[in-house]
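fold the following.
(chains A and B)
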Amino acid sequence: MVNADVAAMFNDVADLLELQGASVFRIRAYRNAARMLGDLGQSVQALMEQGKDLDALPGIGADLAQKITTIVHTGKCPLLEQLRAQVPPGVVELLRIPGIGPRRARALQQALGIRTLEDVQRAIADGRLRKVRGFGLKTQQRISESITARRQADQRFRLPMAMEVAATQLASLSAEPGVLQVQAAGSLRRRRDTVGDIDLVAAVRPGSTVTRRFAAAPGVTTVLAKGPTRASVVLANGMQVDLRCVPAESFGAALLYFTGSKNHNIALRQRALDAGLKLNEYGLYRGDRRIAGDTEASVYEALGLPLIEPELRESRGEIEAALDHRLPDLITLDALKGDLHTHTRDSDGGDTLATMAQAARTRGWEYMAVTDHSSRLALAHGLDAGRLAQQIDRIDALNERLRGFVVLKGIEVDILPDGSLDLPDDILSRLDLVVGAVHSAFDLPRERQTDRLLRAMDHRSFSILAHPTARLIGDRAPCEIDLQRVIRKARERGCFLELNAQPTRLDLNDVACRMAKDEGVLLSIASDAHNTLDFEHLRYGIGQARRGWLGPGDVLNTRSLEALRTLLAGTIEKLPSGSSCRAVTQVPLPMP
DNA sequence: GCCGTTTTCGGCCCGACTGTTTTCAGTCG
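This next block holds a predicted model:
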């Protein structure tokens, strides 16, 4: 039983309570608890085994602590089973349709016995829904369209597409008369790994009619809402874009509000109330007088806080950290001094060794590691020991010619299902670094998958675990692994984990990055570039790293070449005794 | 259902837009 299982049960309870018309605060308590468990970074089961009190966790009181204990022990949540017995299966699905909330879902079920989306569409088609109070023609049409859209569309989009769409919208809005300033907010600004819709905030002159033209722009297929200050549209590519317009003096407050997260806003507003103030998207008010709001910083300052970076606004302790003056100094792209995971034409890359090196050098870096695939990945034309040896010679020759830049010799070696590495030890020991990765047997049971990684990390040449969970966003779920054990193993071994910056991977994710930071394990933020353009992926990786509270000191490839070499050498020197790996140089153990 | 040096009870963020409810509930963000 892992946190995600408990969280899923609590979310199900919240859905069902919603359908029953329970108190919104009770529902929120379950949702908050579910979210907290997902973000926690350590397993509740482990906490219980250590004898820790669960009700010390934020949002967990006596009741939820008891329920968590029961779920961990029995795998069951009695309340959930009871609620499920009261609500026909399928009705919960209705809540996922925009336009159907708990009241309408209940009305559908009670008046017409509707349980599924198909039932809804039939009832619309044969006119039965018209007789139900609260379902006018427009509402029916909206619901019908939402159901169709849901069938076709993936609900969340990856960052590159979201950023491109946002950039296009921002460009056209900036050119609108009456628009003084416009910026993207929402989860895009917080750099979440996927984005559900795009939120734009504009400062406009009084009387601006920009929402009207925004909703009538080419590319808009559906107008969900349109008023004088806000409009919501769906574009032909399926993406929803929301525009909110405010006067210039409210721009900061509006940006703050529409950047979220929702829970961060709730916490800020509560803090305002505690100080006898009121915070909304127009500003921070004492009575009727606005005391802040033109910039985000002005609002934070008036609430006694330093500016909290958007990536931290997830209600994961950032406000408390701000009050204690221990907000992290977040990493930036220009802090990187090199890239430790790249490919060339020798395996499945598109550019030559020399071209990649030149592009990396042009970025102002000190180094770049070439880490082509190993032979197991035949699809990628992976290197066997012989071809790798040739590549090593070519890199040596290239380094002779380069000035002020070094190509490090590496490999992205397959971690085989038994945890062994896909190349012989003698060739691996000639490399500057060995990046290990899983590219097969993704569905091993949790225990075996974890053991596989731990065994690989015990190899004397192992340096960095690449894309540790092997997830592909929207395509492949993360492997089942005990991340806490993997992180602790890395600390023990002195080796490192990767934050793969490919926008389809972003692996480790934000929460896992923070776990690694908390355990003192450095991360390699790596582009996994397969051509020179892919170095641009790093900005997505930086976004996730910032969400994981990482500073420059938490990242391996902010180090100078000299410091990096020392750290990489440490992965070998800390080899524990009794390892299954072949020892080339035996390190004497200190006597007790 | 949680939480608390103003509270162990009575709070719990706040506003826009839509539709059909002739004065506001439902939904969303």
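
what parts of the stretch 151-300 of chain A come near DNA strand B?
A:186, A:197, A:199, A:211, A:225-230, A:232, A:240, A:242, A:258, A:262, A:265-266, A:269-270, A:272-274, A:278-282 (Cβ under 7 Å from any atom of the strand). C-beta coordinates here come from the backbone N, C-alpha and C atoms, glycine included.

point me to the residue of chain A nearest DNA strand B.
Relative to DNA strand B, the nearest point of chain A is A:Gly136 (0.9 Å; Cβ to the nearest atom of the strand).

what comes into contact with stretch A:55-75?
Contacts to stretch A:55-75, defined as Cβ atoms under 8 Å, 6 or more residues apart in numbering, come from residues A:1, A:5-6, A:9-10, A:29-30, A:32-33, A:36, A:40, A:44-45, A:48, A:53-54, A:76-79.

now the buried members of those.
A:6, A:9-10, A:29-30, A:32-33, A:36, A:40, A:44-45, A:48, A:54, A:77, A:79 (16 or more other Cβ atoms under 10 Å).

tell me, which of the residues you listed make contact with DNA strand B?
Okay, of those touching DNA strand B (Cβ under 7 Å from any atom of the strand), that's A:29-30, A:33, A:79.

which ones among the buried ones among the contacts of stretch A:55-75 lie within helices?
Using DSSP state H, the subset of the buried ones among the contacts of stretch A:55-75 located in helices is A:6, A:9-10, A:29-30, A:32-33, A:36, A:44-45, A:48, A:79.

want to throw those residues into CSV with pLDDT?
As requested, those are exported to CSV (pLDDT from 0 to 100):
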residue, pLDDT
A:Val6, 88
A:Met9, 90
A:Phe10, 91
A:Ala29, 89
A:Tyr30, 91
A:Asn32, 86
A:Ala33, 89
A:Met36, 84
A:Val44, 88
A:Gln45, 88
A:Met48, 89
A:Leu79, 92
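
in JSON lines, list these along with distance to A:Glu249.
Below are these laid out as JSON lines (distance: Cβ to Cβ, whole Å):
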{"residue": "A:Val6", "distance to A:Glu249": "45"}
{"residue": "A:Met9", "distance to A:Glu249": "46"}
{"residue": "A:Phe10", "distance to A:Glu249": "41"}
{"residue": "A:Ala29", "distance to A:Glu249": "37"}
{"residue": "A:Tyr30", "distance to A:Glu249": "39"}
{"residue": "A:Asn32", "distance to A:Glu249": "33"}
{"residue": "A:Ala33", "distance to A:Glu249": "38"}
{"residue": "A:Met36", "distance to A:Glu249": "36"}
{"residue": "A:Val44", "distance to A:Glu249": "46"}
{"residue": "A:Gln45", "distance to A:Glu249": "51"}
{"residue": "A:Met48", "distance to A:Glu249": "51"}
{"residue": "A:Leu79", "distance to A:Glu249": "48"}
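
now, the most widely separated pair of those residues?
A:Ala29 and A:Gln45 (21.4 Å; Cβ to Cβ).

for chain A, give me the ranges with low pLDDT.
A:1, A:150-155, A:571-592 (pLDDT under 70).

any idea what sits nearest the spatially most central residue of it, other than its immediate chain neighbours?
Computing the C-alpha centroid of chain A and ranking residues by Cα atoms, centre = their mean puts A:Asp193 first, at 3.9 Å. Closest residue to A:Asp193 apart from its sequence neighbours, by Cβ to Cβ, 6 or more residues apart in numbering: A:Leu506 at 4.6 Å.
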